[in-house]
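*Asks:* sequence unknown, structure follows:
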C-alpha cells in the first residue's frame, strides 16, 4: 500500500519547505560561511560564477574534491549545480505561488521560506558545534560531510510532493493548470512572456534580488575566522526566518485588498533595506580590501572579539531585509496569474535573471573589485528596482478577495482518490486565483 499524502496546499508547501531545507538550506549554510568555508575566495567566486552562469541560462528554460586541491572539480560542480538548481527553483516557485489561495500566499511564502531558512539555521548550528573549539581560518572537512548526508535526504522527501491536479484548496477549488503544450508552443509562450511589460519592469528587481550575495560572502570571509563565519551563517538564517515571517504576516493580515497588501509589503521591504544598507555603509567606509586591522583590532576577528558583534548583527539584518525582498518578488508574480505552468515560467524567468545578476556579482568579486564599489552597486540596484516594482503593484486589481465570486463547476461527478478530477470533469476555479487580466476581461 502506498503512502497517503494530505492533498491540501499547506501540507504540500510544508513538504516543499523541507525539501528546500535539506538541499538549498544546507548549501546556503555553507555559502554563509564566507568563500564556501575555504580560505580561497577567488576559487569560491569562480565556482559561484560558473554556477550562476549556468543557472541563468538554464533558468529561462527550466519552467518550461576540494580536500586534495582539485580546483577544476569545484568549478565543474558549480556549473552542474547551476543547471539542476534552475529546474528545482522553477518547480519550487510554481508550487509556492499556485497551490495556496490568493489570500494565503503571503503566509505560504513565510511557511516555505522559514522552513528553507531553518535548514540554513540547523546547518550553521552544526558548523558552529563542530568549529566551536577550532581556531583555524577555514572550515573543517567534517562540516562538509555532515551537510552532504543531510542533502541526500532531500531526494526522498521530494517524492512526497503531489502534482497540481491532485491538490484541493480549503474552499474546494483545484489548482488551475493549462493543457501540456508541445515544445514549440512552450517556446512560443516563453517568448510571449518576455513581451509582458510587467516582467520587463520587474527585471531590475529580479536581477538585484541576490546580487549582494557575493559582496556579503566576501565581507564575511574578510572579517571573521572559521568559527566566527559559522556563527555568521547561523545569524543570517535567523534573520531570513524573521524576515519571511514578518513579510507573510504583514501582507496577509493588514488589508483584504490584494493591491493594498502588496503595497504594504513594498513599504516594509523598502524600510528594511534602507535601514540595513545604511548601517552597512557606516561599516564599509571604515576599511578596504587592503586593510589588516579594523577599529584598532587585527583581522580576521574571532567571535570572542567585541568588535565582531556589530558586523554579525549587520549580516543578520541584511538577510532579514533580503528575505522580505524575495517574498515581495514572489507575491507580485502570484498576482499576475494563477496558472501553475505560467507561474513555473515566471519562476524560471525570475531565477534566470536573478542568477545572471549573481554570476556578474561573483565575477566582480573574483577580480577583487573594491568593497565599497561592490556595496554601492548592490544597494543601488535595489533602490532602482523599487519604483518599478511599485508601478507593477499599482496596476494590480483592487477587488477584496472575500468579495470575489467563487465559480464552481456543476458537472463534477466523481472526484476520485484524493480529490482527483476525472477527464470528463471540469476543475473548480476560484476567481480569486484567476489572473488579473482574465478577471478584467470577464467584467467588461
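*Replies:* Okay, I see it. Computed from a prediction, not measured in an experiment: that's the story for all the values here.
*Asks:* only C-alpha atoms for contact and neighbour calcs from this point on.
*Replies:* Noted.
*Asks:* can you pull the contacts of residue 281?
*Replies:* residue 375 (CA atoms under 8 Å, 6 or more residues apart in numbering).
*Asks:* in which helix or strand would I find it?
*Replies:* helix 258-284 (DSSP states H and E).
*Asks:* What are the contacting residues of the helix or strand just after that helix?
*Replies:* Using DSSP H and E, the next helix or strand after helix 258-284 towards the C-terminus is strand 293-294. The contact list for strand 293-294 (CA under 8 Å, 6+ apart) reads 286-287, 299-300.
*Asks:* my read: residue 314 touches residue 278, true?
*Replies:* No. Taking CA atoms under 8 Å as the definition, residue 314 is not a contact partner of residue 278, at 10.2 Å.
*Asks:* Neighbour count for those two, which is higher?
*Replies:* residue 314 (20 against 13; other CA atoms under 10 Å).
*Asks:* Looks to me like that one is in a helix.
*Replies:* Yes. Counting by DSSP: H, G, I helix; E, B strand; the rest coil, residue 314 is located in a helix.
*Asks:* And the pLDDT at it?
*Replies:* Looking at residue 314, its pLDDT is 96.
*Asks:* switch to numbering from 2
*Replies:* With 2 as the first residue, the last one maps to residue 315.
*Asks:* How much space separates it from residue 238?
*Replies:* 13 Å (CA to CA, to the nearest Å).
*Asks:* And for residue 214?
*Replies:* Applying CA to CA to residue 214 and residue 238 gives a distance of 14 Å.
*Asks:* Name the residue in these two with the higher neighbour count.
*Replies:* Shown here are residue 214 and residue 238; by other CA under 10 Å, residue 238 has more neighbours (32 against 21).
*Asks:* so what's that one up against?
*Replies:* Taking CA under 8 Å, 6+ apart as the test, what residue 238 contacts is 30, 118-122, 125, 317, 320.
*Asks:* Let's see that with 10 Å instead.
*Replies:* Residues near residue 238 by CA atoms under 10 Å, 6 or more residues apart in numbering: 26, 29-30, 33, 115, 117-126, 232, 244, 316-317, 320-321, 324.
*Asks:* Tell me which of those residues fall in helices.
*Replies:* 26, 29-30, 115, 117-126, 232, 244, 316-317, 320-321, 324 (DSSP state H).
*Asks:* Can you check the pLDDT for the residue nearest to the spatial centre of the chain?
*Replies:* Closest to where the C-alpha atoms of the chain average out (CA atoms, centre = their mean) is residue 327, at 5.7 Å. Looking at residue 327, its pLDDT reads 92.
*Asks:* follow-up on the earlier one: return the member of the contacts of strand 294-295 nearest to residue 359.
*Replies:* residue 288 (23.9 Å; CA to CA).
*Asks:* Can you pull the phi/psi pair for that closest one?
*Replies:* When read as degrees, to the nearest 10, the backbone of residue 288 gives phi -150, psi 170.
*Asks:* for the one 5 residues further on, same thing?
*Replies:* Dihedral angles phi and psi of residue 293 (degrees, to the nearest 10) take the values phi -110, psi -10.
*Asks:* So for stretch 283-297, what gets flagged as buried?
*Replies:* 285, 295 (16 or more other CA atoms under 10 Å).
*Asks:* where do the helices sit along the stretch 152-301 of the chain?
*Replies:* With helices called from DSSP state H, counting those that start in this stretch, the stretch 152-301 of the chain shows them at 184-194, 198-202, 204-209, 214-224, 227-254, 259-285.
*Asks:* mind listing what the closest residue to residue 326 other than its chain neighbours touches?
*Replies:* Closest residue in space to residue 326, ignoring its immediate chain neighbours: residue 270 at 5.7 Å, by CA to CA, 6 or more residues apart in numbering. By CA under 10 Å, 6+ apart, the contact set of residue 270 is 244, 248, 264, 321-329, 387.
*Asks:* Tell me the spacing between residue 270 and residue 336.
*Replies:* From residue 270 across to residue 336, the span is 18 Å (CA to CA).
*Asks:* Residue 348 too?
*Replies:* 13 Å.
*Asks:* Now for these two: what residues contact both?
*Replies:* With CA under 10 Å, 6+ apart, residue 348 and residue 336 have common neighbours residue 98.
*Asks:* in terms of contact, does residue 276 touch residue 323 like I think?
*Replies:* No. Counting by CA atoms under 10 Å, residue 276 does not reach residue 323; the two are 11.9 Å apart.
*Asks:* neighbour-wise, which of those two wins?
*Replies:* Each of residue 276 and residue 323 has its neighbours counted (other CA under 10 Å); residue 323 has more, 25 against 13.
*Asks:* residue contacts, that one?
*Replies:* 210-211, 213-214, 237, 240-241, 244-245, 270, 273-274, 277, 317, 329.
*Asks:* what's the answer for residue 224, then?
*Replies:* Residue 224 makes contact with 35, 230, 293-295, 299-303, 309, 312-313, according to CA under 10 Å, 6+ apart.
*Asks:* Next, format those residues as a markdown table and append distance to residue 395.
*Replies:* Output for these, formatted as a markdown table (distance: CA to CA, whole Å):
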| residue | distance to residue 395 |
| --- | --- |
| 35 | 38 |
| 230 | 41 |
| 293 | 48 |
| 294 | 48 |
| 295 | 45 |
| 299 | 50 |
| 300 | 47 |
| 301 | 46 |
| 302 | 46 |
| 303 | 47 |
| 309 | 42 |
| 312 | 36 |
| 313 | 36 |
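*Asks:* if we can go back for a sec, residue 11: which of the contacts of strand 294-295 is nearest?
*Replies:* Nearest to residue 11 among these, counting by CA to CA, is residue 301 at 43.9 Å.
*Asks:* In this structure that closest one contacts residue 225, no?
*Replies:* Yes. Counting by CA under 10 Å, residue 301 touches residue 225, with 4.7 Å between them.
*Asks:* Who has more neighbours out of those two?
*Replies:* residue 225 (26 against 20).
*Asks:* Based on its surroundings, how many neighbours for residue 170?
*Replies:* 17.
*Asks:* State the phi and psi torsions of it.
*Replies:* Dihedral angles for residue 170 - degrees, to the nearest 10 - are phi -80, psi 170.
*Asks:* so where's the chain uncertain?
*Replies:* Across the chain, the ranges flagged by pLDDT under 70 are 2-6, 30-84, 131-132, 134-144, 177-182, 255-257, 398-445.
*Asks:* That one - how does it break down into domains?
*Replies:* 10-397, 411-444 (automatic domain parsing).
*Asks:* if you compare these, which one is most tucked away?
*Replies:* Most buried of the domains of the chain, by mean neighbour count (mean count of other CA atoms under 10 Å): domain 10-397, with a mean of 21.
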